[in-house]
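J.: task: produce atomic coordinates for the following.
(chains A and B)
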Number of protein chains: 2
Amino acid sequence: MSENHHHGKHSPLSDEPFADSHPSVDDHADHIRALLAGALIPRPESIPIEDALGRCTTAAIVSPVDLPLFRNSQMDGFAVHASDLTNLPTEIPIEGEVVARAGIPRPLRAGTTVRIMTGAPVPEGADTVIPVEDTSSHAGVVTIHHGRAQGTFVRERGSDLAAGAELLPADTLLAPRHLAALAAAGLGTVEVRSRVRVAVITSGAELVAPGEVALAGQIFDANQIALETAITSDGAEVTFAARVGDNSLTLLDVLREAANVSDLIITSGGISMGDYEVVRQTLEPLGARVGHVAMQPGGPQATAHFENVPVVSFPGNPVSTQISYAVFVSPLLRDVAGLEPKKRGRRVLESDVTSVKGKRQFLKGVLTGTEGVTAISGPGSHLVAGLAAATVLIDVPEHSTHVRAGTIVETWEL
Amino acid sequence: MSENHHHGKHSPLSDEPFADSHPSVDDHADHIRALLAGALIPRPESIPIEDALGRCTTAAIVSPVDLPLFRNSQMDGFAVHASDLTNLPTEIPIEGEVVARAGIPRPLRAGTTVRIMTGAPVPEGADTVIPVEDTSSHAGVVTIHHGRAQGTFVRERGSDLAAGAELLPADTLLAPRHLAALAAAGLGTVEVRSRVRVAVITSGAELVAPGEVALAGQIFDANQIALETAITSDGAEVTFAARVGDNSLTLLDVLREAANVSDLIITSGGISMGDYEVVRQTLEPLGARVGHVAMQPGGPQATAHFENVPVVSFPGNPVSTQISYAVFVSPLLRDVAGLEPKKRGRRVLESDVTSVKGKRQFLKGVLTGTEGVTAISGPGSHLVAGLAAATVLIDVPEHSTHVRAGTIVETWEL
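T.: Numbers count the residues shown, from 1 in each chain, chains lettered A, B, ... in the order given. Now for the predicted structure:
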């Protein structure tokens, strides 16, 4: 708490790069898209199908086998030559049985039949299966009461898909039915897009972990869990997480560790105008771009490279962090993971809202009925419980200061 | 492959309980709902917030603290008494600084100011924060150029949410913003609905694991991965999985293991009319209900209790297994996990389809445009690649045999 007069050339109170030119949200989004372009190139990796739910295929997958693998019976019944059934009812000697298990059945002699189970290979020569309910059998002879057209209840080899045909197209987001098809074709592994590896670093000398004790002046870190779980639900992988105070040397150590295991580093806090802005003070000498984007919450924004890994830095207020992530990073991660973009909509505003001129504002809202949206809570970037109660963000354009009830506004699904 | 004449009283070829009374899909769904009622009562469990993404709260969660925890600054700037700013510009001596970290600042004396950082506690006595950009400072004195209304840029304790107020309602499906709110309130754990523990047993002497070698007559087991991943995406937990041949003693051992660790056992295969129907032959003597439901694919269906654990048994053709699960079990698991039901829709059929009279048919379909649906592949229950290419099931009513293009049909999202 001592007075602080020793600001040098880089004093954050006097040095305000980009402070006079506030890029728009779209400009900053473009900048981040370009910054991350190299980090977000999906690489193919082969993983067990057991781990592949929700992952995205990189290329079309061709079946290595015919499906079904062999000609087999669709019913429990009797495999016959259809030509033996010209006069009905008819009695045919039963020459054995074919079960669904390893083994090749003997060819079927004319004038004979075999019991056959669903899924069992249809013997060579047999061309039709008569369901057991259309027969009666006694002492090694079956009486067939109803005939069937040739080929009935025989599943031909390759009739689902021929070997060499496309089993799944490229860019398939793998659901259970896709994994079942891979399994049916004998494929125990599948090539999918690798997950983007993301490091999360939250900063602030006031932060303690939830579950610990907060002393006077301290607050609980809401940003680590918010970023980690958002990154996970956007199909990327959190490979590193740390919480740092306001010491640059510590942050440098943590950044080095993070850069070793990640394609992208996200930080929160420490980039605004104060005297203890650890992220800004650490990254600015390394060439970071630090400035204000024309938005609220989330004005202060920074980007950098650290050991060739792109760094995206958000302001530390929890609502600012979450909205910055939702606006600038989430769409990119979802895209590379093959996930659907979050829904945007157009809704009728149910009550007047005010906004700050020259800043695009993202207000907390809840959808009402099938067409409406209502702003809830306030615009403050500390209103973390307010954000939890919201289901959408209401996107108020930069030039608006008052938006009246009844106006159509754009909404972003949270 | 030897002939088999030694059927006793329980020969599946002669013994067909329920074969004459084919319950409808809705009747069987009701039966399974009742069977699982006891297994699907959500129990509350407390888990770390790090593990709680996508889980559902059991009860309303009340904040144990005020949010924000203490009165703090919204800006980097100077904490003042608004009453000291009656004539502007004015010079005020700087008496120190307050940083966002543990510590209680000294009360602010009238006629003085302190530098204050965003998030730092506002000293007792101070009632307003002047942003640094509206000031200039030199040699321990700040000149304030623009005033602000009393209270500006001061976030009052509890202004987001008061201690004791509801932070999250009951039955909240936890998204990152909810976890952030819990974290901000210092909560490192959260009480959520326990996951239903499900055992998956696939049966069939012909089955081998994908990735292994299939001999002639063998096929790859597509049902284990299909059921496991569907259960996981429906918010339940697979606690046991096994693949068995056609030996009842082995199945009994596996069922015992499964019953020890699960609330629900799902089996596939071995319940139709053949001679080697291991699930039927094992469970029928224990009181299983085995029969045919008026549906296709998926006619043969069975239910049982094994050591007080409900057992739901599906036919083994992979399309039958997947559709049976989707129709009878998935909605129940999603409901208890707090997940949205899968979407049903009404669409215009784009091409004629035929169906079997007396059986409700679930055809493979793909949505076309915003209003249409087209049937793809065939009705066969072995068409696992066909099902992979579908995005919906087309629900053709029991009484229909021909449905013409242009008819409105119900669709089930896969």
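J.: in contact with residue A:242, which residues?
T.: By C-beta atoms under 8 Å, 6 or more residues apart in numbering or on different chains, the contact list for residue A:242 reads A:199-202, A:254, A:257-258. C-beta here means a position set from N, CA and C on the backbone, and glycine is covered the same way.
J.: need the buried ones from those residues selected in PyMOL.
T.: Those of the contacts of residue A:242 that count as buried under 16 or more other C-beta atoms under 10 Å in any protein chain shown are selected in PyMOL with:
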select buried, chain A and resi 199+200+201+202+254+258
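J.: show only the entries of the contacts of residue A:242 found in strands.
T.: A:199-202 (DSSP state E).
J.: need those in a markdown table with distance to chain B and pLDDT, can you?
T.: As requested, the ones in strands among the contacts of residue A:242 are exported to a markdown table (distance: C-beta to the nearest C-beta, whole Å; pLDDT from 0 to 100):
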| residue | distance to chain B | pLDDT |
| --- | --- | --- |
| A:199 | 16 | 98 |
| A:200 | 12 | 98 |
| A:201 | 16 | 98 |
| A:202 | 11 | 98 |
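J.: re earlier: for the contacts of residue A:242, work out which two are farthest apart.
T.: Taking C-beta to C-beta as the measure, the contacts of residue A:242 span a maximum distance of 14.6 Å, between A:202 and A:257.
J.: mind listing the helices for the stretch 251-400 of chain A?
T.: Using DSSP state H, counting those that start in this stretch, the helices assigned to the stretch 251-400 of chain A run over residues A:278-283, A:318-324, A:330-337, A:384-389.
J.: show me what the second one is packed against.
T.: Using 3 or more C-beta pairs under 8 Å, 6 or more residues apart in numbering or on different chains; DSSP states H and E as the contact definition, the elements that helix A:318-324 packs against are helix A:223-233, strand A:309-314, helix A:384-389, helix B:176-184.
J.: over to residue A:92: give its phi and psi.
T.: Backbone torsions of residue A:92, given as degrees, to the nearest 10, read phi -130, psi 130.
J.: likewise the one 3 residues further on?
T.: The phi and psi values for residue A:95, taken as degrees, to the nearest 10, are phi -100, psi 10.
J.: tell me which residues touch the closest residue to it other than its chain neighbours, please.
T.: Residue nearest to residue A:95 in three dimensions, not counting chain neighbours: residue A:112, with 4.4 Å by C-beta to C-beta, 6 or more residues apart in numbering or on different chains. By C-beta under 8 Å, 6+ apart, the residues touching residue A:112 are A:92-95.
J.: filter those to the buried ones?
T.: Judged by 16+ other C-beta under 10 Å, buried ones among the contacts of residue A:112: A:92, A:94-95.
J.: from these, which is closest to residue B:126?
T.: Using C-beta to C-beta, the buried ones among the contacts of residue A:112 come closest to residue B:126 at residue A:94, 98.4 Å.
J.: any stretches of the stretch 151-300 of chain A with poor pLDDT?
T.: Within the stretch 151-300 of chain A, no range satisfies pLDDT under 70.
J.: what about the strands in it?
T.: A:154-155, A:166-168, A:189-193, A:197-203, A:207-208, A:219-220, A:237-244, A:264-268, A:289-292, A:295-296, A:300-306 (DSSP state E, counting those that start in this stretch).
J.: what's the answer for the stretch 1-150 of chain A, then?
T.: With DSSP E, counting those that start in this stretch as the criterion, the stretch 1-150 of chain A has strands spanning A:44-48, A:61-62, A:72-73, A:77-80, A:90-98, A:113-116, A:128-131, A:135-138, A:141-144.
J.: please name the nearest non-neighbouring residue to the spatially most central residue of chain A.
T.: Centroid check for chain A by C-alpha atoms, centre = their mean gives residue A:235 as the closest residue, at 3.5 Å. With sequence-adjacent residues excluded and distances taken as C-beta to C-beta, 6+ apart, residue A:235 is closest to residue A:337, at 2.6 Å.
J.: over to residue A:40?
T.: Once flanking residues are discounted, residue A:40 sits nearest to residue A:336: 4.6 Å by C-beta to C-beta, 6+ apart.
J.: and if you look at residue A:270?
T.: Distances taken as C-beta to C-beta, 6+ apart place residue A:279 nearest to residue A:270, at 3.6 Å, with adjacent residues excluded.
J.: contacting residues for that neighbour?
T.: Contacts of residue A:279 (C-beta under 8 Å, 6+ apart): A:203, A:251, A:267, A:269-271, A:302, A:313.
J.: turn the strands of the stretch 1-150 of chain A into JSON lines, including mean pLDDT.
T.: Listed next are the strands of the stretch 1-150 of chain A as JSON lines, based on pLDDT from 0 to 100:
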{"stretch": "strand A:44-48", "mean pLDDT": "97"}
{"stretch": "strand A:61-62", "mean pLDDT": "98"}
{"stretch": "strand A:72-73", "mean pLDDT": "96"}
{"stretch": "strand A:77-80", "mean pLDDT": "96"}
{"stretch": "strand A:90-98", "mean pLDDT": "96"}
{"stretch": "strand A:113-116", "mean pLDDT": "96"}
{"stretch": "strand A:128-131", "mean pLDDT": "96"}
{"stretch": "strand A:135-138", "mean pLDDT": "93"}
{"stretch": "strand A:141-144", "mean pLDDT": "96"}
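J.: which one, of those strands, ends up nearest to residue B:189?
T.: Per C-beta to C-beta, nearest to residue B:189 of the strands of the stretch 1-150 of chain A: strand A:44-48, 31.4 Å.
J.: what does that closest one contact?
T.: Defining contact as C-beta under 8 Å, 6+ apart, one finds that strand A:44-48 is touched by A:55, A:58-59, A:188-194.
J.: for residue A:165, which residues are in contact?
T.: Contact analysis of residue A:165 by C-beta under 8 Å, 6+ apart lists A:62-63.
J.: quick revisit: the contacts of residue A:279 into a markdown table, with extra columns for neighbour count?
T.: Output for these, formatted as a markdown table (neighbours: other C-beta atoms under 10 Å in any protein chain shown):
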| residue | neighbour count |
| --- | --- |
| A:203 | 29 |
| A:251 | 24 |
| A:267 | 32 |
| A:269 | 33 |
| A:270 | 30 |
| A:271 | 28 |
| A:302 | 24 |
| A:313 | 26 |
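J.: looking at the residues you listed, which is nearest chain B?
T.: Nearest to chain B out of the contacts of residue A:279 is residue A:269 (C-beta to the nearest C-beta; 8.8 Å).
J.: just the pLDDT for residue A:313.
T.: The confidence metric pLDDT takes the value 98 at residue A:313.
J.: show me what it is bridged to.
T.: residue A:267, residue A:302 (DSSP bridges).
J.: surely it and residue A:282 touch.
T.: No - in this structure, residue A:313 is not within contact of residue A:282 by C-beta atoms under 8 Å, at 10.0 Å.
J.: any idea how far chain B is from residue A:238?
T.: Spatial separation of residue A:238 from chain B under the definition C-beta to the nearest C-beta, to the nearest Å is 10 Å.
J.: equivalent analysis for residue A:43, please.
T.: In terms of C-beta to the nearest C-beta, residue A:43 sits 23 Å off from chain B.
J.: how deep is the residue nearest to that residue when sequence neighbours are not counted tucked in, by neighbour count?
T.: Closest residue to residue A:43 apart from its sequence neighbours, by C-beta to C-beta, 6+ apart: residue A:194 at 4.4 Å. Neighbour count of residue A:194, defined by other C-beta atoms under 10 Å in any protein chain shown: 18.
J.: who in the stretch 251-400 of chain A is up against chain B?
T.: A:272-276, A:316-318, A:322, A:377, A:380-388, A:390 (C-beta under 8 Å from any C-beta of the partner chain).
J.: what residues are up against residue A:107?
T.: A:123-125.
J.: could those go into CSV alongside neighbour count?
T.: CSV is the format used below for the contacts of residue A:107 (neighbours: other C-beta under 10 Å):
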residue, neighbour count
A:123, 23
A:124, 12
A:125, 15
